[in-house]
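>>> The following comprises the amino acid sequence and a computationally predicted model.
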Amino acid sequence: MTNNTHTTDSTSIGLLTGKVLFITGASRGIGAAAARLFASEGAAVVLAARSTDALERIVKEIRADGHVADAVTLDLADPASIRAAVDHVEELHGRLDGAFNNGAVIQQPGPLDTTSDEDIDAQFAVNFRSHWTAMTAEAALMRRTSTGGAIVNTSSIGSRRANPVLPAYAAMKRALNSITETAAKTWGPEGIRVNGITPGGTATEMIDEWEAATPGIVEANNAATPLGRMAEPREVAEAAAWLLSDRASYVTGAIVPVDGGSGA
């Protein structure tokens, strides 16, 4: 019998104390969980997303718990917006210690030969180019204001294998793995670590949207996952927290599976 018992709560240990961290896609799902987790671990967090109202609710919640949080509006499809958001972090805190580039957009599920030009363009802009733009802006700020830093990019288990249902999404996520590794090699001598994570099925709004479009996705995921269930968003955020922390000081250029064993 599969044991589905799990917990997503853990005692804070100050893993990220004193760090200034920037999080994209922070209004929901993994990004929102990361914002709460990073703040509880002692970081000052700057949350970025298009949904200002959702961000402000999370900021108020984090501040009510006695932690430091701010919000900035961000359109990942607009490089100027990304650079402005990173500049805002400097205005708020004068430096940047780490970034979790987590924002993404799902494509309309369907085979490669029916994927629209518009979907391909959106996947390129949000799931690939935005990370390139964000990383270069983040690294530039780290270079100016500190002696290094850490960047974590959210990729996907879909980047590790063929994905006939989400071909453009998977292709851009695989490209993201490549620039993550390249950035690690490029900026390692400057003390900037760059890693990626590849979540499997995670109980987020994005999965809800996919399930609505293609019923049975959740059941199929659970059947194909050794742990027999979806990840909770906080479980994925925990992996990013460790990679952003000094506990991962010798880890760079890694693409870390967080998929319950489904990619094994």
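Ah, there it is.

>>> what number of residues lie near the nearest residue to Gly103 once chain neighbours are set aside?
Counting by Cβ to Cβ, 6 or more residues apart in numbering, Gly103 lies nearest to Gly25, which is 3.1 Å off, once chain neighbours are set aside. C-betas here are computed from N, CA, C, even on glycine. For Gly25, the neighbour count with other Cβ atoms under 10 Å is 28.

>>> Give the bridge partners for the residue nearest to Ser249 when sequence neighbours are not counted, please.
Leaving aside its chain neighbours, Ser249 sits nearest to Arg193 (7.7 Å; criterion: Cβ to Cβ, 6+ apart). On the basis of DSSP bridges, Arg193 is bridged to Ala150.

>>> Quick check, Arg193 in contact with Ala248.
Yes: here Arg193 reaches Ala248: they are 7.3 Å apart, a contact under Cβ atoms under 8 Å.

>>> show me what contacts the closest residue to Ser12 other than its chain neighbours?
Leaving aside its sequence neighbours, Ser12 sits nearest to Ser40 (Cβ to Cβ, 6+ apart; 4.7 Å). Ser40 makes contact with 12, 65, 67, according to Cβ atoms under 8 Å, 6 or more residues apart in numbering.

>>> Spell out which helix or strand contains the residue lying closest to the last one once chain neighbours are set aside, please.
Sequence neighbours aside, Ala39 is the residue nearest to His67 in space, at 3.9 Å (criterion: Cβ to Cβ, 6+ apart). Take DSSP states H and E as the rule and Ala39 turns out to sit in helix 29-40.

>>> can you pull the buried residues of that helix?
By 16 or more other Cβ atoms under 10 Å, the buried positions in helix 29-40 come out as 29-40.

>>> quick revisit: for the residue nearest to Ser249, what are its contacts?
When contacts are counted by Cβ under 8 Å, 6+ apart, Arg193 touches 148-151, 184, 243, 248-249, 251-252.

>>> Which of these ranks first by neighbour count?
Among the contacts of Arg193, Ile151 has the most neighbours (other Cβ under 10 Å), with 28 neighbours.

>>> picking up where we left off before, correct me if wrong: the residue nearest to Gly103 contacts Ala104.
Yes: counting by Cβ under 8 Å, Gly25 does reach Ala104; the two are 6.3 Å apart.

>>> Now for these two: what residues contact both?
Joint contacts of Gly25 and Ala104 (Cβ under 8 Å, 6+ apart) are Thr154.

>>> Just the closest of the contacts of Ser40 to Ala231, please.
Nearest to Ala231 out of the contacts of Ser40 is Ser12 (Cβ to Cβ; 20.0 Å).

>>> burial of that closest one, as a residue count?
Residues lying near Ser12 (other Cβ under 10 Å) number 12.

>>> Same question for Pro257.
Pro257: 17 neighbours (other Cβ under 10 Å).

>>> That one belongs to a strand?
Yes: the assignment for Pro257 (DSSP: H, G, I helix; E, B strand; the rest coil) places it in a strand.

>>> How much space separates it from Ala239?
For Pro257, the distance to Ala239 (Cβ to Cβ, to the nearest Å) stands at 9 Å.

>>> what's the overlap in contacts for these two?
Common neighbours of Pro257 and Ala239, counting by Cβ under 8 Å, 6+ apart, are Ile197.

>>> hmm, back to that, what's the closest of the buried residues of helix 29-40 to Ser130?
Closest to Ser130, out of all of those and judged by Cβ to Cβ, is Gly31, at 13.2 Å.

>>> dump the residue contacts of the nearest residue to that closest one once chain neighbours are set aside.
Nearest non-adjacent residue to Gly31, counting by Cβ to Cβ, 6+ apart: Gly25, 3.8 Å away. By Cβ under 8 Å, 6+ apart, the contact set of Gly25 is 31, 48-49, 76, 102-104, 154.
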